[in-house]
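1. Can you look at this prediction? I've put the sequence above it.
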Amino acid sequence: MSSDSPIQYGKVKSSYFWDDGSGINGDTGAPASGEPMQKGLAASPSWPLGTEGYVLYEGKKAEFFIGDRGPGDPAEGCNVLLDLDGKTFAELTGESWNDSSYTVSGGNGHIDVEYVITKWGDGHGTEGAPRPMSGSTVCDSAVSAIPDDLRSDEEKKADEQKKKEEEAQKKEEEAQKKKEEEQKKAEEKAEAEAAEKKAEQTDEELAAHSRGDSGGGSSTGTEAQTAANSMNGFTLAGADLPLAAGALTLAVLPALLIALFFARRPAASYASEGSGLLSRVASRLPEPWVAKAADAGTRVKESSAYAKAADLAAKAGTAAGTARDNVVERLRSRGRHGA
């Protein structure tokens, strides 16, 4: 035997034979390998000639090598897949071998054995699971995992080392996977924080913009309220005109002169001059200033305070026109009556 290290293990039914060319008890001739019939020579229907191994039966161990082909028909259906020499068969069963009749005492011609292949032969045949000589099927059920107690110390150490390496690789892969997951979570957290920071910045900008609108609205509202108070005072003064005609005349006269001055010139001319003046001024200002001024003007026009101021201005204009007409009419009336 070259080695006791198993390379294949299984369980099969075995018979026995002794073929030396004598023709006794079904002798079919000399072994196919050319080796003389001897103790330890076994026959297989498919394994390569020269294959080495051993069998186990009820605590006994017997070595063999494949030197012949057989059994024939008994191997069909994966029934009897190993033929041991008669002398080995007799030792395993505790019986005796008859050199005259080529039979084993006790009448038991078949036993179930465990087989172990330790080396595949280089002769004709097929490695692996045994099969009948006809090749009708592959007897996979005759091959099993090698038991640990049949492995050599070197094989056990090699298996343990391989197992440790696999476990270390598995732990490394798990650690790498965990690291990638943590990195992914960190990236997601950073993205979320950046998005939150951007949202807060946007809220601050909107709040600052809102404060700017409120300030402008407040200023506009104050100016509108001041204008309204002035017009209220002007209206009251006009209502008490009979009591203070002289004083009112002096107070209103400049306003009348200004009103008459504006009345003689079309409103379009002022608009044209104002537009031209603004254009000339704007052309000399830096572009960012003009843009900011336009933006501020838009915000003011869109504010509620601007609407209120415009309404008050309209009412003030109406009240001023009415007061002017009343003053003119009263002055004319005083001139006609000589008062």
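-> Here it is on my side, so go on.
2. Domains in the chain, by residue range?
-> Annotated domains of the chain cover 8-150, 224-337 [automatic domain parsing].
3. all helices for the chain, in order.
-> Taking DSSP state H as the criterion, the chain carries its helices at 86-93, 153-239, 245-264, 267-284, 287-302, 304-337.
4. burial measure for the closest residue to F17 other than its chain neighbours, as a count.
-> Counting by Cβ to Cβ, 6 or more residues apart in numbering, D83 is the residue found nearest to F17 once chain neighbours are left out, at 4.9 Å. Heads up, the C-betas are built off the backbone N, CA and C, glycines and all. D83 has 27 neighbours, counted by other Cβ atoms under 10 Å.
5. Bridged to D83, which residues?
-> Beta-bridge pairing of D83 under DSSP bridges involves S15, A43.
6. Going along the chain, name the strands of the stretch 1-150 of the chain.
-> 8-17, 41-43, 52-57, 60-68, 80-85, 97-98, 103-104, 111-119 (DSSP state E, counting those that start in this stretch).
7. circling back to that earlier point, now tell me which of the helices of the chain the model trusts least on average.
-> Mean pLDDT is lowest for helix 245-264 among the helices of the chain, at a mean of 44.
8. Surely the residue nearest to F17 is in contact with G67?
-> No - counting by Cβ atoms under 8 Å, D83 does not reach G67; the two are 10.4 Å apart.
9. Now do the shared contacts for those two.
-> A42, A43 (Cβ atoms under 8 Å, 6 or more residues apart in numbering).
10. returning to that earlier point: how about the strands of the stretch 1-150 of the chain, which one is nearest E205?
-> Closest approach to E205 among those is made by strand 8-17 (78.7 Å; Cβ to Cβ).
11. re earlier: for the residue nearest to F17, give me its contacts.
-> S14, S15, Y16, F17, A42, A43, S44, D68, G70, P71.
12. ok, the first one touching I111?
-> Yes - distance between S14 and I111: 5.7 Å, which falls inside the contact criterion (Cβ under 8 Å).
13. So the two - more neighbours on which side?
-> Taking neighbours as other Cβ under 10 Å, S14 and I111 compare with S14 leading, 23 against 18.
14. I'd like to know how far the more buried one sits from H209.
-> Applying Cβ to Cβ, to the nearest Å, the value for S14 to H209 is 98 Å.
15. before we move on, what about K157?
-> Taking Cβ to Cβ, one finds K157 at 77 Å from H209.
16. circling back: just the buried residues out of the contacts of D83, in PyMOL syntax.
-> In PyMOL, this line selects whichever of these come out buried by 16 or more other Cβ atoms under 10 Å:
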select buried, resi 14+15+16+17+42+43+44+68+70+71
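17. Which member of the contacts of D83 is positioned nearest E35?
-> D68 (8.2 Å).
18. how about the closest one, what does it touch?
-> Here D68 is in contact with F17, D19, P31, A32, S33, L41, A42, A43, D83 (Cβ under 8 Å, 6+ apart).
19. show me what contacts the residue nearest to the fifth one when sequence neighbours are not counted?
-> It stands for S33. Distances taken as Cβ to Cβ, 6+ apart place G67 nearest to S33, at 4.1 Å, with adjacent residues excluded. Contacts for G67 (Cβ under 8 Å, 6+ apart) come out as P31, A32, S33, E35, L41, A42, A43, L49, G50.
20. If we use 7 Å, what do you get?
-> P31, S33, E35, L41, L49 (Cβ atoms under 7 Å, 6 or more residues apart in numbering).
21. Need the max-distance pair from these.
-> Checking these with Cβ to Cβ, the most distant pair is L41 and L49, at 10.7 Å.
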